[in-house]
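Chemist: sequence and predicted model, in that order:
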Amino acid sequence: MRIPEDTLREMLRLMYTIRAFECRARQLFEERRLRGSFMGALHSYEGEEAVAVGACIGLRPDDYILSTHRGHGHCIAKGVDVKFMMAELLGKETGISKGRGGSMHMFDPALGLLGGNGIVGGGIPLALGPAFSAQYRHTDQVTVCFFGDGAACQGNFHESLNLASLWKLPVIYICENNQYAVTTPVNESIAVANVADRAAGYGCPGEVVDGSDVLAVYRAVTEAVQRARGGAGPMLLECKTYRYQAHCMVIPDRRDPQELARWQKEHDPIRHFERYLLDQQIMDEAQQSKLNEQVHKTVEAAVTFAEASPLPHPSTVAEHLWAED
Amino acid sequence: MRIPEDTLREMLRLMYTIRAFECRARQLFEERRLRGSFMGALHSYEGEEAVAVGACIGLRPDDYILSTHRGHGHCIAKGVDVKFMMAELLGKETGISKGRGGSMHMFDPALGLLGGNGIVGGGIPLALGPAFSAQYRHTDQVTVCFFGDGAACQGNFHESLNLASLWKLPVIYICENNQYAVTTPVNESIAVANVADRAAGYGCPGEVVDGSDVLAVYRAVTEAVQRARGGAGPMLLECKTYRYQAHCMVIPDRRDPQELARWQKEHDPIRHFERYLLDQQIMDEAQQSKLNEQVHKTVEAAVTFAEASPLPHPSTVAEHLWAED
Amino acid sequence: MREVSYVKALNEALSEEMARDESVFLIGEDLVELGGGSGATKGLAERFGTHRVRQTPLSEAAFVGLAVGAAMTGLRPVVEIMYVDFVTVCMDQIVNQAAKLRYMSGGQLTIPLVIRSQGGGGTSEAAQHSQSLEAWFAHTPGLKVVMPATAADAKGLLKSAIRDDNPVIFLEHKLLYATKGPAPREEYLIPLGQADVKRPGQDITLVATSFMVHKSLAAAEAVADKISVEVIDPRTLIPLDIDCINTSVQKTGRLLVVQEACTHGGFGSEIVRRVTEQCFGALKTAPRVLGGANLPMPFSHPLETACIPQEEKIIDQIERMVTDA
Amino acid sequence: MREVSYVKALNEALSEEMARDESVFLIGEDLVELGGGSGATKGLAERFGTHRVRQTPLSEAAFVGLAVGAAMTGLRPVVEIMYVDFVTVCMDQIVNQAAKLRYMSGGQLTIPLVIRSQGGGGTSEAAQHSQSLEAWFAHTPGLKVVMPATAADAKGLLKSAIRDDNPVIFLEHKLLYATKGPAPREEYLIPLGQADVKRPGQDITLVATSFMVHKSLAAAEAVADKISVEVIDPRTLIPLDIDCINTSVQKTGRLLVVQEACTHGGFGSEIVRRVTEQCFGALKTAPRVLGGANLPMPFSHPLETACIPQEEKIIDQIERMVTDA
Ligand SMILES: Cc1ncc(C[n+]2csc(CCOP(=O)(O)OP(=O)(O)O)c2C)c(N)n1
Ligand SMILES: Cc1ncc(C[n+]2csc(CCOP(=O)(O)OP(=O)(O)O)c2C)c(N)n1
Ligand SMILES: [Mg+2]
Ligand SMILES: [Mg+2]
């Protein structure tokens, strides 16, 4: 599979953006916490960038994704402008969900982003819907559904994989196995080595993918997408990955620091891909750091935009509940 | 595995009892329907007798079972006196659940019968409990959980198999695959050929069993029970079987009559076992029909008992809600 | 006007809406051959194809989720949950997803979804097949709640529910399906949020829902020579036509709500709260709720009868309230 | 008396009961290292072993079911559901199983089960992490419902809940965990079903639950120079100490219920219904409920604040009711 150089550069830009966004969001959270104000729950995607980017870069804008509580990376990878995300994090009226949703509930149907979810596994059945809808309307849109290793233990997973496979729905289920659900290591929550192995029980293909290798993810998803667009039904991909931060901002991280250090040293998705681009002589170091600087500027501009934006007025609180309003 | 002759005769008696009970219950239902009164939902176990009997005959009274909406066979096989069951079906105060439960909710904790369930799949997570409890209390009791092919599509199945396997709980999950969930054939509800194959996804053994062969069921369950008692954890058995009646008394049966005829001709669990007992010279035809007559008398006596029993008085309706009452 | 059964009226509504709008599809268990739990979808697969009448595996969470996701992406699903008691296995998709998605997305998503189900007791189906759970949904912002009591209302309200752009919970009653009443053969709509005065009166306002409307009308008729009872069917709980009820209570000074759901914490309490607040000065006596017993529904007929408001009890309550003050 | 935080009080209750009774065990997500969602189980695994503090996979239906089944067979499980919003994925095991099993079995089974969870908003966690769902449980016969507002109540009530032989839903509030109050260090019990007059008064009865107790007390204090407010915390909704409330309203003639749950169909309506029925002659003005907005909880701080009853609104409502009549 030959990947255009522009696409490769865009992959790097998106990964940089996710990392910069998450890092900046954490800072904002901390600042606010010191001032005694809340920003809700914030789940960092740092360390997992290759999954979202590898999975979304090959999708069309009219393809759908369902995201999770740890969803900023998915939103950025699907093309959402970070300034609307940052505004949402600060609860502003200009936020992508008008301040109603917050970090876990970012939506942009025009870009195929059908939302994050505060209920672990909640998006898994929802993803059947756009996939069914595409099949029903005879379009060739596909749906990608992200979920965690924790979510893989929910009953929704079973019901949905079975139904998707039975009806050959064009949906790709991507398990982001980052080794933990809050403090629970995956071997204390899943009785087998790979979530992907469960695909056999549903009669659909499953595959374990190196989630720190954006190209590996891209290739696996591209194949799954082709299958799904062609009417061959769903696929289950399990991307092995690792989160760099604590589960969320208010929970202490008690994982083994050496485990983290090892993942960062050996499997950092961004470093890994930077090296690849160097090796392939697609971008040199100077170009990479320039790109990274640009990304940081964009993120900074997003913060400025968000800070300057107005909070929603309490008198508007009831807006957007009913369709007729 | 050598099975004592007494046990073999008892197996036949139990299978006869189940069939006679179900047949008589249907008659009562029809009589009442003609008189314009309800008996609720009645799900016949006819055709599936070998599963309950093969599974329960080797259990101890202090082993637990969880039953389903189609549960009369399980109750009889676990040792419940049919007169209390018949009285329950007629809503009598002498019924096994004092008329509060009815056909789908028969309980006898003293015999390890922890109840049927009106929620398909509802018993699957419950079964983890007595298994956990035995492990916690360091007894070697096992739990057997029956459920249907329809129930196998519920999320509960996934969550429970995973947890049971992870914690090595002494529970045996027995899928009674009777080919249909109401009118939905199993190939329109399960995306793979065998439910048992899903065991691999949970790291526990799974096995397909001929559900019309009481000895095959007995052997498979006995092995699973030994494993579980020994601390090796759960097992998933799938018994292929067929129900002879419509889903329940109020639903028309539109299955292919030839399909039914074929199962009855080639796989009738009772005829099959009668022939075996003849072949092995354990019981001759005269003994078998004498046994069957006795069984019918017992069932008839149960009807007499039930009919003669009083209905619960409306003034007692609130009894049995709270433990302190 | 021709007489038609409630279930046929539902069938007509579905059929007309499916013919009118290709984006309407049905999804649920046993919809094709059986016509669903009540027969309401009979013949629709023949007419519109199994492409639009989707019979599912026994996986409520998956197919409700599918419907929500399909609604997000332009379709208009009508889901059937066989009995309302089974919402317990898919509450998340209804309450945390369907009801909240529009609001959380800042109005970006529209969820034109109908979930049909049947509630109520009276058929000896016991505790897990007899509940009336409308209060749960009415307490969930973002859901509309409809409870038709007659064939005419069933047809007109179901058509409106299907055309509504919000998630609508449409609750039928198992004892109503076979009841007949006049209903136009041609197309008509009954708006959600419009109560119906089923019988005008002067002395007391009786607000009744679902099957209780008929018992209340019978009670009103029985006391007609001495007491003039106004019977109002709100028809939809959300939105609630409180003005209609208030107007009546301003006239009569007395309010009795008759509901089948357990009295404690039922929707009747909500009606009492609002009427008391808004008509306090006009009240001649304390508003009351005559509801179901605060018990799981027992199986046995005399016990079940004691748990459901019966005509005599309604009469008794009317008489006591009118003589009271 | 020493001051202790609400979360520490819970921890003490769990610890004391585990020490007292070996059949008590804890089960839920992230209980060991994290101490569960609130920290209430911190240190208990070290003290009692992971045999009795069971950290589960993310499978609420499975582990609630396990607990119900364990309770049936002699253990006394204390389950934690991290946020009450997640009961939606295990409603069946709570409502159709735990609540009904004793009654359906004609009193044969006993289910000594506690389900702890946290509700409420105020932390910008948005619509799927901020609900107050007590009304659902209070409308489910067979469940007791407890909502402690202070450290002392938390400890005494949790100990009673654990010793109770019925399923108890024990609802904490996320903003209460860090609050401190006096509570005996030694063992004590507070019976379920006993309200507490948190502040005596003459002019109006204010019934408040959970975190709203504190806001109500503050409001009462703020108006103390002109209005004498009696603040009652029922502490348990099922059983409800209606006598205590009635006695107060007989004295004051005015009732205001303050709840965080959505006003429509909340438990406040039930209190209003009963008080209106039983104290009609004593009422000087219409009882009212000041509850949460009938909206999913918005993320953005000013919107969220607008959805939750605040001190000023309570004051305003008190003043209007007292001057009203
Ligand atoms: C149904 C449900 N149960 C519990 C939670 C609390 N919770 C939030 S995130 C999380 C862990 C999720 O783990 P995983 O799916 O692996 O995703 P990760 O956070 O690792 O990305 C838990 C338990 C929840 N939000 N929803
Ligand atoms: C959660 C739930 N959904 C639907 C039903 C309605 N229902 C009762 S039995 C049944 C079919 C069950 O099929 P299976 O598990 O194969 O058992 P079988 O009846 O074949 O023995 C259905 C759909 C129910 N009781 N519970
Ligand atoms: Mg994870
Ligand atoms: Mg079946």
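Modeler: Yep, it's here. Ligands and ions are numbered 1, 2, ... in the order given.
Chemist: and the one helix or strand A:Arg271 maps to, how far out from the chain's middle?
Modeler: Counting by DSSP states H and E, the element that carries A:Arg271 is helix A:269-279. Centroid separation for helix A:269-279 versus its chain: 20 Å, with CA atoms, centre = their mean, to the nearest Å.
Chemist: ditto for stretch C:193-211
Modeler: 14 Å.
Chemist: buried stuff in that stretch?
Modeler: C:193-196, C:198-199, C:201, C:203-211 (16 or more other CB atoms under 10 Å in any protein chain shown). C-betas here are computed from N, CA, C, even on glycine.
Chemist: in helices, which of those residues appear?
Modeler: C:Phe211 (DSSP state H).
Chemist: check the buried residues of stretch C:193-211 one by one and keep those near chain A.
Modeler: Subset of the buried residues of stretch C:193-211 in contact with chain A: empty, counting by CB under 8 Å from any CB of the partner chain.
Chemist: before we move on, back to that, give me the helices and strands touching the helix holding A:Arg271, please.
Modeler: helix A:5-34, helix A:49-56, helix A:214-229, helix A:285-308 (3 or more CB pairs under 8 Å, 6 or more residues apart in numbering or on different chains; DSSP states H and E).
Chemist: residue nearest the centroid of chain A?
Modeler: Chain A has A:His74 as the residue nearest its centroid, 2.8 Å off, counting by CA atoms, centre = their mean.
Chemist: residues near C:Val320, how many?
Modeler: Wrong residue type there; residue C:320 is Arg, not Val. Neighbouring residues of C:Arg320 were enumerated by other CB atoms under 10 Å in any protein chain shown; the total is 12.
Chemist: any idea how far D:Glu277 is from it?
Modeler: 12 Å (CB to CB, to the nearest Å).
Chemist: now swap in C:Ala218 and tell me
Modeler: Taking CB to CB, one finds C:Ala218 at 24 Å from D:Glu277.
Chemist: which of the two has more neighbours?
Modeler: A count of neighbours by other CB under 10 Å puts D:Glu277 above the other of C:Ala218 and D:Glu277, at 17 against 14.
Chemist: all strands for the stretch 51-200 of chain A, in order.
Modeler: Taking DSSP state E, counting those that start in this stretch as the criterion, the stretch 51-200 of chain A carries its strands at A:64-66, A:143-148, A:171-177, A:180-181, A:184-185.
Chemist: now do the same contact list for residue 301.
Modeler: No chain specified, so I'll use chain A. By CB atoms under 8 Å, 6 or more residues apart in numbering or on different chains, A:Ala301 lies in contact with A:Lys83.
Chemist: actually, chain C is the one I wanted.
Modeler: Residues near C:His301 by CB under 8 Å, 6+ apart: B:Ser37, B:Phe38, B:Gly91, B:Leu311, C:Ser124.
Chemist: residues of the helix or strand containing C:His214 that come out buried?
Modeler: Per DSSP H and E, C:His214 falls inside helix C:211-222. For helix C:211-222, the neighbour count (16+ other CB under 10 Å) marks C:Phe211, C:Met212, C:Val213, C:His214, C:Lys215, C:Ser216, C:Leu217, C:Ala219, C:Ala220 as buried.
Chemist: and the next helix or strand after that helix, what's buried?
Modeler: As assigned by DSSP H and E, the chain's next helix or strand after helix C:211-222 is strand C:229-233. Across strand C:229-233, burial judged by 16+ other CB under 10 Å covers C:Val229, C:Glu230, C:Val231, C:Ile232, C:Asp233.
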